[in-house]
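>>> coordinates for the following, if possible.
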Amino acid sequence: MELTAATILVAFAGVTLICFMKGAFGGGFSIVGIPLLSFVMDPVTAGGLLAPLFIAMDLFALLCWKPSTWSKPDLVLLLPGLLAGIGAGYLLFRFLDHRAIAIVMAVVTLIFVGLWFAQGGNVAIQPRSAPKAVAAGLSSGITTMVAHSGGPPLAMYLLPLGLSKEIYAGTTSLFFTVGNATKAVPWLLLVRPTGNVWTLMAICLAAIPAGVWLGWRLHGRLDQRQLYRVVYALLVVTALKLLWDGVSGYLA
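Residues are numbered from 1 along each chain as shown. Below is the predicted model of the structure:
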């Protein structure tokens, strides 16, 4: 990867957008910033670039999403599955058909959002479920490892619980803090970034404080219903991106 002015500007913009999402929604939608990076680098290089940056983003975001915003009963159920999913994703990274995983995840997400629209855009509160939490954590771990797209499985578990917007964002933030810290080393072992990538990482660190803070300010301006609507809209965007990645991969 050549370290040109265009590469730096595009990468900086992509990282800022990802940080904004972490500040506003706690994380889980980093995939919306990855298309920007695809203009200047291949997806694997982008994954290697982002893996360490995610840790810095998450630590800064936790200044906003303090322990009082974490749903500890849900995290106790979610985190073991997340760690197992990351381990499985690492072991199968070279053999998994990433295109098929992207398509399946996209279809499931679109069905989930479609059901929400069918209910008139209202959240049907469901009780906490240990099996669903473990499945969500496992699915999120695998998809975050292979495609940096662990948000949809987690959102599909948390949204029906009807958590307050602060608890939803805080729980999501801690979930991905643990996940991103866990997957950073496996990603670096798989990708082995070059000197230019490390330099670009250092430059992009400057985007983190402002990006997270701006997102956090947006979160404060949204009421509960608005935030849920935005999250569902982001799920559609994420699903369409995954669907495009999967289908275009087969067509290519």
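>>> could you point out where this protein is predicted with low confidence?
Low-confidence segments of the chain (pLDDT under 70): 31, 119-124.
>>> middle-most residue in it, spatially?
Gly28 (2.6 Å; Cα atoms, centre = their mean).
>>> ramachandran angles for it?
phi 100, psi -10 (degrees, to the nearest 10).
>>> quick one, what contacts it?
Residues in contact with Gly28 (Cβ atoms under 8 Å, 6 or more residues apart in numbering) are 21, 150-152, 154-155, 172, 175-176. In short, each C-beta sits where N, CA and C put it, glycine included.
>>> do that again at 6 Å, thanks
By Cβ atoms under 6 Å, 6 or more residues apart in numbering, the contact list for Gly28 reads 151, 154, 172.
>>> please apply the same query to Ala11.
Ala11 is in contact with 200, 204, counting by Cβ under 6 Å, 6+ apart.
>>> distance from the host helix or strand of Asp58 to the middle of the chain?
Element membership of Asp58 [criterion: DSSP states H and E] is helix 43-61. Chain-centre distance of helix 43-61: 11 Å, with Cα atoms, centre = their mean, to the nearest Å.
>>> in it, which residues are buried?
Neighbour-count burial for helix 43-61, counted by 16 or more other Cβ atoms under 10 Å, picks out 45-58, 60-61.
>>> can you show me the helices along this structure?
For the chain, applying DSSP state H gives helices covering 5-25, 34-37, 43-61, 72-92, 98-118, 130-147, 151-158, 165-191, 195-204, 208-221, 224-251.
>>> highest mean neighbour count out of those?
Looking across the helices of the chain with neighbours counted as mean count of other Cβ atoms under 10 Å, the highest average goes to helix 151-158: a mean of 26.
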